[in-house]
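Q: test case, fold it:
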Amino acid sequence: MAVSSVLSVRVNEKDEQILAQMAESKGVSKSKLVAEAIHNYVEMNEWHRKVIAGRIQMADRGEFATKERIDALYTKYSVAQS
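A: Below you'll find the model as predicted:
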């Protein structure tokens, strides 16, 4: 099991009330919901950061979409080229 840390956060009163209602309806603590939300945020943003870094590396190597590939995407999605 991963070691956890205690983190204190401030939220506005309305968000806290909604969070409390959500926690009660799910039968879990507010802390558990906040920890889940933070985990999902970090996971999504870390994935996004890695994708961007990979695309930058591809661009640095000169790996760009060909004109044919771009034209095929325009055709596939029925988008008029300008």
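
Q: and Asn40, what element?
A: Following DSSP states H and E, one finds Asn40 within helix 30-60.

Q: chain center to the helix or strand of the chain with the lowest mean pLDDT: distance?
A: Ranked by mean pLDDT, DSSP states H and E, the helix or strand of the chain with the weakest confidence is helix 67-76, at a mean of 92. Helix 67-76 sits 28 Å away from the centroid of its parent chain (Cα atoms, centre = their mean, to the nearest Å).

Q: contacts for it, please.
A: 79-81 (Cβ atoms under 8 Å, 6 or more residues apart in numbering). C-beta: built from backbone N, CA, C; applies to glycine.

Q: ok, of these, which come out buried?
A: Among those, none scores as buried (criterion: 16 or more other Cβ atoms under 10 Å).

Q: pipe these into a markdown table and attach pLDDT and secondary structure per row.
A: Below are these laid out as a markdown table (pLDDT from 0 to 100; DSSP: H, G, I helix; E, B strand; the rest coil):
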| residue | pLDDT | secondary structure |
| --- | --- | --- |
| Val79 | 87 | coil |
| Ala80 | 85 | coil |
| Gln81 | 79 | coil |
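
Q: looking at the residues you listed, spot the one nearest Tyr41.
A: Val79 (32.2 Å; Cβ to Cβ).

Q: helix, strand or coil for the nearest residue to Met58 once chain neighbours are set aside?
A: Spatially, and ignoring its direct neighbours in sequence, Met58 is nearest to Phe64 (8.0 Å; Cβ to Cβ, 6 or more residues apart in numbering). Here Phe64 is coil, with the state taken from DSSP: H, G, I helix; E, B strand; the rest coil.
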